[in-house]
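Undergrad: I'd like to go over a predicted model; first the sequence, then the structure.
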Amino acid sequence: MHPFRFAVQATKATTGAQWRDLARKAEDLGYATLFVADHYLGPGPAARESRLPPQHLAPIAAMATASAVTQRLRVGCRVFCVDYHVPAVLAKEAATLDLLSDGRLEFGIGAGWSEREYRAIGLDFAPPARRVDKLEDVVALLKAHWSGEPLNHQGPFATATGYAGLPLPAQRPRPPIMIGGARKRVLSLAAREADIVSINNVPFDAVNDAGRTPAEEAAHRFAVVRDAAGERLPGLEIESSPFFTEVTDDPGAAVARVAKIMGVPPDGLPAHPNVLVGSLGEVADRLQERRDIYGANYITVQQRELERFAPVVARLAGR
């Protein structure tokens, strides 16, 4: 069982000073990692239709800046979309980030999901199977590029031939890779190829099409990872991002707010994997219970909870 680590995902800063201060604060409060997002939409109908909040910062420059003003804080993107970047270029950018941060990069990558965002930035949104095919191909190229060996990768979606990748990442053999997903194929790929498996958002239906409650669905996804990982399982971290997080002495009111936002009954919401509300002790106990059930040791909270969640970080990080 891996010890707890905590990250904060942040996309909002309207000045350089705000972003630098946020990175320093995350480090001072004991968070292991500062994540950004690979989304690009500002206010408008495309963002509303995709249900994305405005994205203030592009990931690579934001990660580089955060690493430059901190000493221990790891930086990552949760997660790069394979269709938004030329694979060989992204591999070099990532290696450069890892080198210049002295080995503090965590590299997240996924198959993409927001059809409306794809259309807004002029990209075709391929069927799921094709996007996952590309994800597999790009992960193979990344590993080859970061090895420093001569490249001869000529996949159906990603190409790098006739040269060796530079620079070498500071972390050897490579930066840790995080892959997130909800379905069996992506979770199995993550179990085989990644170092961190992100169990993506679980729907808020009381019971899903497979007859599982949200908590049962999270446990099911972990079982898929466990079965596909085999002997790799002890080396894998499981990341979870409870979007609705609040440390409070009035959890009933917090749950009611979540229920109103999501348009669902409040019954059962405290046990939902995407909800984490309660007193400091209740939240700590719930995280330990979830780690026991579906392995989630790496917890990412949203920027708005950076300071209010810090006591949980202080209590559980490294335990």
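TA: All right, it came through fine. Numbering: from 1, shown residues only.

Undergrad: make it CA atoms for all contacts and neighbour counts henceforth
TA: Will do.

Undergrad: check which helix or strand covers the residue nearest the centre of the chain.
TA: The centroid of the chain falls nearest to Arg78 when counting by Cα atoms, centre = their mean (3.5 Å). Taking DSSP states H and E as the definition, Arg78 sits inside strand 74-81.

Undergrad: where's that strand relative to the chain centroid, distance-wise?
TA: Taking Cα atoms, centre = their mean, to the nearest Å, one finds strand 74-81 lying 6 Å from the centre of the chain it belongs to.

Undergrad: So which other helices or strands are in contact with it?
TA: strand 33-36, helix 59-68, strand 105-110, strand 177-181 (3 or more Cα pairs under 8 Å, 6 or more residues apart in numbering; DSSP states H and E).

Undergrad: In the second one, which residues are buried?
TA: Read that as helix 59-68. 59-60, 62-67 (16 or more other Cα atoms under 10 Å).

Undergrad: go on, stretch 237-248?
TA: Applying 16+ other Cα under 10 Å to stretch 237-248 flags 237-242, 244-248 as buried.

Undergrad: List the contacts of that stretch.
TA: With contact meaning Cα atoms under 8 Å, 6 or more residues apart in numbering, stretch 237-248 is reached by 2, 195-201, 254, 258, 273-280, 283, 295-302, 305, 308-309.

Undergrad: Export the helices and strands packed on strand 74-81 to a markdown table and append columns for distance to Thr96 and mean pLDDT.
TA: A markdown table is the format used below for the helices and strands packed on strand 74-81 (distance: least, Cα to Cα, whole Å; pLDDT from 0 to 100):
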| stretch | distance to Thr96 | mean pLDDT |
| --- | --- | --- |
| strand 33-36 | 17 | 98 |
| helix 59-68 | 9 | 98 |
| strand 105-110 | 10 | 98 |
| strand 177-181 | 15 | 93 |
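
Undergrad: re the thing from before, farthest pair in the buried residues of helix 59-68?
TA: Farthest pair in the buried residues of helix 59-68 (Cα to Cα) is Pro59 and Ser67. Separation: 12.2 Å.

Undergrad: Just the buried residues of stretch 254-266, please?
TA: 254-256, 258-259, 266.

Undergrad: Let me see the mean pLDDT of that stretch.
TA: Averaging pLDDT along stretch 254-266 gives 93.
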